[in-house]
Structure formats: C-alpha cells, structure tokens
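Peer 1: my questions concern the predicted model and sequence given below.
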Amino acid sequence: DRMDKSAYLSLPWDVNIIPGIGLWHIHGHQDSCYCRYAPTFIPGAARMDGEIMETLWASLNIISPSARGMGTPHRKEVLDFQMGDCNFMKMIRMSKSLCRKYKVAVAGATESASAFESLNDSADSDLVIQWKAQERMAQAERSDDPSAMDIYEVKLEKAPTRKQRELELLDEQTRITPTMPRGAATWLASGIGIEEAQITLARDVGILSGNANDNQKLNVARLRESLQRLIDIFVAEAVTFLGDGFDGTEILNRPNPSVDHHDDGDASDDEDPYNPPLDAAFRPEHCRAGSTGGHAIRVGLADKAIIFRKTVRSSNTQSGTTRAWNQVNVVSKVVALNAKKYSVCRTQLSQLGAAELLKKFLPLKKGDLKASSAVADPSARGQRNSTLPWFWSLNIQGDSSDSDWMTEFYRVHWLRTKAQCDRWAEELLLVRHEMDWTHNFFLFKSKQWDARAQKARLEKDEGHACYAARQAQVYSTLAERADESFRKI
C-alpha cells in the first residue's frame, strides 16, 4: 500500500521476494531458522550479512555519550550530522573497500571451489544426482514451504528411553508371546537398571581409591549390600522366565564389579571390560545400546559445548572461570559414565553374537567424545569440512535402509559446501560489478555537478557555480582514483 501511494517508489508485479534473516540475528533464532532464512542458502545473496542499521551502531557509539544530555532537536541534528559524515566517509573510501573485498572474494571462491570439487569427486555419482535434485526442489518450494530447506540439516533420530523400550516389550509380549510368563519385560528392565547401578558404583569406588574416609567406606559398603540384594532377587526370578534348566549359582559366584572393578575413565572398549553377572539373562533384541547410553552421550556433549560457548568463553573473572570449568568437569564425568555403560552393553552384544546390531553400534573412541560448538548449535559457523561422530545420526529404530550415517553427513556437507561455493562465486561476480558501478557513479555525479556549474554561470550565480565546480572536481578525482585502484588488482 505504501508503494502504491508513493510517487517515487514502485515494485514490479512479477518480482519474487525471498524472505530472509540477517546473519547477525539468525543465530539468536531457532535452529531451524538458519537453513530456512539465512542468506547463506539464498541464491543470489552472495556473501552479504543482510544487516543495515546494525552496521552503523559502532559509528554512533562515538557520539552517544555526548548526545545523552542534549535536547531532542539538538540530538537529532547531531545524529543526522554524524550519519551524513559516516556516509561521506564510506563514499570516499569505497575504492579501497572494494579492493579488499575483491581480494577476499578471490581467495574465498578459490578455496570453496577446491573444497567442493574434492568433495564432489569423492561422492557417488548417483548420490550426487539425487542431491542436486533435492537442492533444486528445495529452492523451488522454499517460498511456499520454508521447511523444504531442512535438507541442509542432519536428520537426527532420538533414541527411545528405557521406559519407552519397556512399553514396547510389554506390548510385544502381549501380542506375540501370550504364553510367556507375565513380567518378563519389567524383569529385563530391572536387570538393565542393576547393571547401570553396578557401573556407577564401580566408577565411584575407583575414584575414591585409597583416599576414602570411614564414612565414605561405610556408604560404599551399604550400597554394595543393597546392590547384591537386588542381584539375588533378579537371579532368583530368572528361573521363572528362563526355565528350570537355568542355574544361577555360577552367576552369583562371579566377582561383583563394584568391588573388583576400577574405572580408568577411558571411553574406548578396546580393553576387556568386566562381565556383569546379568549377561546371560539378556537376548540381543533386548539389550539396546542406543537407549542405554547413546542419547545420554549426545545430550551430555551438547551441554558441554553450550557451557563452553556461554559460560567458559564469556567469563571475565577468575571465580567465574573456576565455576564454569567445574560445570564442564561435572558434565564430562556424566559423559564418561554413559560412554562406559555403552561400552559394557556393546561387549554384552558381542558375547551374545548380535553381529547385526554391532554393525550399527560402533566402538566409541576418545575423539568421539569431544565437545563441538557445531554440535550444540546447528547454526554455528565453520561447519564446511567438519564431520561429527557416528552416533549423532544413529538410526536407532532401524526402519530405514537408506539412512546410513555416513551418507547422511556426506549429503549435508555436500549441500552446504555447494551453497558456500555458489555464494562465493556470486560474491566475486558482484564485487566486479560493484567496481564498475562505483566508477560509473563517480563519473555520473561529476557530469551532474559540472552541468549545474554551467547553469549557475549562465544565471550569473557565482557562489553556486564555484560550489558546483568544486563538487564536480571531487567526484572526478574519486573516479580517477577508483579506476586506478581497480586496474592494479
């Protein structure tokens, strides 16, 4: 309506407006907004940041203390003068600024093209065809459905919790094995809980080592007794579900890990972990490593990365830094504990001969447990060549054969690298045009002021003629310097 009523503004009826959010604001929005509205994924946007007023705040900060005590008219005049001076300085420095932008664009276009070429050459040709089709479809549908741009994000599968798994087992028990004694799923879930309690207690015993006082030793002894009673009850109930042929004597005589095992904090399962006294009771389909530790590890690493971003890096005092690192250490212990649970559960799967599940649940390495800001914040910068550990895209449900984690991450990195390569190519092309536009603008203004000077002389207005001649000379000089600077590069 404003454009229709304006005598100076107009908008072509067939123009296609693509909604976007500036890069300064996009990182404060939801994670899903990054791929849907960031200029990084808008064709033709080049490397622009999408901000206008925010770029002028720094220059206004220079006079803001002086303007606080001014009246409204005085403050308005001062701000107008400051912004006018800012615009004038931008104009006379435009040539140098474009030369710097051109050098950066050349380096960025070369680097991004090389990265995309190497990534594209190593990808399967059939997959590349699919990814190109996905990209075209997403760009064509983004105006009507912004969620089409979600192809640039990794599709993470959330692992089911133990309670959800128990509900599934109860339902499966009712539908498939009606003759099986009631309570089998609950019994299995209690066994997993006992195993986790064993691992936690064993870790605590290892941390205490020989420095425990009498109160700590007494507390550990009580926890051992309580845990042993739970194990006795669990094994006694095993006959009900495993048959009369089951002998729990051998299991009960095994060493209790809370007494004999000391955790060294290593997340890798290359060593030979202990065998909990409950392994014989589990079938492979019941022992779900993903629900035991996979999701908890991802949550812990995300928390750790967020603490680094929001607490550790922003702390300016010694006390603040100390408290921040204490938070990091607490989360690191939780991640290490869940990683140990995962490793123990994976060992049980190996002993039970669950080869198919072991292909899905790979061994954990120390490098997999490093916190990354790109993990905690999907819209973070610097993700072009980074890859995440396999468990971040683990398909726990296993109901899709084409959601292999490597293919998924390869797809996302290919799409993002291509988007960055395209934006750098557009930036290089745009800067070249901006050089021409700048030179032509200075020539146009020089001719415009020269015409005004001639008109003023004809009208015998010497003051206006002198001012117009001076302005014409200024723009003529700017045009000559711009042409000289642009030819050098």
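Peer 2: Cool, got the structure.
Peer 1: okay, now residue 191: neighbour count?
Peer 2: Here the count is done by other CB atoms under 10 Å, and residue 191 has 24 residues near it. All C-beta atoms are positioned from the backbone trio N, CA, C, and that covers glycine.
Peer 1: read off the pLDDT value for it.
Peer 2: Looking at residue 191, its pLDDT is 78.
Peer 1: and what of the one 4 residues further on?
Peer 2: Residue 195 is assigned a predicted lDDT (pLDDT) of 76.
Peer 1: so it makes contact with residue 344?
Peer 2: Yes - applying CB atoms under 8 Å as the test, residue 195 and residue 344 come out as touching, 7.0 Å apart.
Peer 1: shaky segments in the stretch 51-200 of the chain?
Peer 2: Scanning the stretch 51-200 of the chain for pLDDT under 70 picks out 154-166, 169-183, 185.
Peer 1: what ranges do the helices span in it?
Peer 2: Counting by DSSP state H, counting those that start in this stretch, the stretch 51-200 of the chain forms helices over residues 57-60, 64-67, 72-92, 94-122, 125-141, 162-176, 184-208, given from the N-terminal end onward.
Peer 1: buried ones in stretch 77-96?
Peer 2: In terms of neighbour count (16 or more other CB atoms under 10 Å), stretch 77-96 has its buried residues at 82, 86, 91, 94, 95.
Peer 1: tell me which residues touch the fourth one, please.
Peer 2: The neighbours of residue 94, taking CB atoms under 8 Å, 6 or more residues apart in numbering as the test, are 438, 482.
Peer 1: from residue 232, how far out is it?
Peer 2: Separation of residue 94 from residue 232 (CB to CB, to the nearest Å): 82 Å.
Peer 1: ok, the third one next?
Peer 2: Computed with CB to CB, the distance linking residue 91 and residue 232 is 85 Å.
Peer 1: what's the mean pLDDT across the helix of greatest length in the chain?
Peer 2: Scanning the chain for the longest helix, with DSSP state H as the assignment, gives helix 405-458. With pLDDT averaged residue by residue, helix 405-458 scores 90.
Peer 1: between that helix and helix 125-141, how big is the angle?
Peer 2: 50 degrees (axes from the mean of the first three to the mean of the last three CA atoms, to 10 degrees).
Peer 1: show me what helix 405-458 is packed against.
Peer 2: Contact partners of helix 405-458 among helices and strands, from 3 or more CB pairs under 8 Å, 6 or more residues apart in numbering; DSSP states H and E: helix 94-122, helix 125-141, helix 462-488.
Peer 1: change it to 10 Å
Peer 2: Helices and strands in packing contact with helix 405-458 are listed as helix 31-37, helix 72-92, helix 94-122, helix 125-141, helix 462-488; criterion 3 or more CB pairs under 10 Å, 6 or more residues apart in numbering; DSSP states H and E.
Peer 1: which one, of the ones you listed, ends up nearest to residue 334?
Peer 2: Among those, helix 31-37 comes nearest to residue 334, with 23.0 Å by CB to CB.
Peer 1: output that closest one as CSV, restricted to C-alpha atoms.
Peer 2: Extracted as CSV, the C-alpha positions of helix 31-37 are listed here (Å, rounded to 0.1, in the frame of the first residue of the first chain):
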residue,chain,number,x,y,z
ASP,A,31,18.0,-23.7,14.9
SER,A,32,15.6,-24.5,12.1
CYS,A,33,15.6,-20.8,11.0
TYR,A,34,19.2,-21.0,9.9
CYS,A,35,18.8,-23.1,6.8
ARG,A,36,15.4,-21.7,6.0
TYR,A,37,16.2,-18.0,6.2
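Peer 1: contacting residues around it?
Peer 2: 18-23, 25-27, 29-30, 40-41, 50, 138, 142, 145-153, 376-380, 412, 415-416, 419 (CB atoms under 10 Å, 6 or more residues apart in numbering).
Peer 1: give me the buried positions along that helix.
Peer 2: The neighbour-count criterion (16+ other CB under 10 Å) identifies 33, 34, 35, 36, 37 as the buried residues of helix 31-37.
Peer 1: ok, now stretch 141-151?
Peer 2: Using 16+ other CB under 10 Å as the burial criterion, the residues of stretch 141-151 that qualify are 142, 146, 148, 149, 151.
Peer 1: of those residues, which pair is most distant in space?
Peer 2: The most distant members of the buried residues of stretch 141-151, if one measures by CB to CB, are 146 and 151, lying 11.9 Å apart.
Peer 1: what do those two both touch?
Peer 2: In the contact map built from CB under 10 Å, 6+ apart, the residues linked to both residue 146 and residue 151 are 35, 138.
Peer 1: my guess is residue 355 contacts residue 349, does it?
Peer 2: Yes - the pair residue 355 / residue 349 is scored as a contact, 8.9 Å apart, by CB atoms under 10 Å.
Peer 1: the more surrounded of those two?
Peer 2: Neighbour totals were compared for residue 355 and residue 349, and residue 349 leads with 21 against 10 (other CB under 10 Å).
Peer 1: ok, residue 194 - how many residues close by?
Peer 2: Count around residue 194 with other CB under 10 Å applied: 18.
Peer 1: what about it, distance to residue 352?
Peer 2: When CB to CB is the yardstick, residue 194 and residue 352 sit 17 Å from each other.
Peer 1: tell me which entries of the contacts of helix 31-37 lie within strands.
Peer 2: For the contacts of helix 31-37, not one is inside strands, with DSSP state E as the criterion.
Peer 1: sorry, back to before: can you add distance to residue 322 and give the buried residues of stretch 141-151 back as TSV?
Peer 2: Shown next, in TSV, are the buried residues of stretch 141-151 (distance: CB to CB, whole Å):
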residue	distance to residue 322
142	47
146	43
148	47
149	42
151	43
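Peer 1: which of those lies closest to residue 429?
Peer 2: Proximity of the buried residues of stretch 141-151 to residue 429, judged by CB to CB, is greatest for residue 142, which lies at 22.1 Å.
Peer 1: just checking, the closest one touches residue 38?
Peer 2: No - taking CB under 10 Å as the definition, residue 142 is not a contact partner of residue 38, at 11.8 Å.
Peer 1: what residues are shared contacts of those two?
Peer 2: Overlap between the neighbourhoods of residue 142 and residue 38 consists of residue 149, taking contacts as CB under 10 Å, 6+ apart.
Peer 1: give me every residue that touches the residue lying closest to residue 134 once chain neighbours are set aside.
Peer 2: In space, not counting the residues next to it along the chain, residue 134 is nearest to residue 151; the distance is 5.2 Å by CB to CB, 6 or more residues apart in numbering. For residue 151, the contact set (CB under 10 Å, 6+ apart) comprises 35, 41, 131, 134, 135, 137, 138, 411, 412, 415.
Peer 1: what's the spacing between residue 23 and residue 43?
Peer 2: With CB to CB as the criterion, residue 23 and residue 43 are 16 Å apart.
Peer 1: okay, the two: which has more neighbours?
Peer 2: Using other CB under 10 Å, the more surrounded residue of residue 23 and residue 43 is residue 23, with 19 against 13.
Peer 1: pretty sure residue 461 sits against residue 454.
Peer 2: No - the pair residue 461 and residue 454 fails to qualify as a contact (CB under 10 Å) at a distance of 11.3 Å.
Peer 1: tell me, what's touching those two both at once?
Peer 2: With the criterion set as CB under 10 Å, 6+ apart, the overlap between the contacts of residue 461 and residue 454 is residue 468.
Peer 1: so which of the helices and strands packed on helix 405-458 is nearest residue 237?
Peer 2: Among the helices and strands packed on helix 405-458, the nearest to residue 237 by CB to CB is helix 31-37 (45.4 Å).
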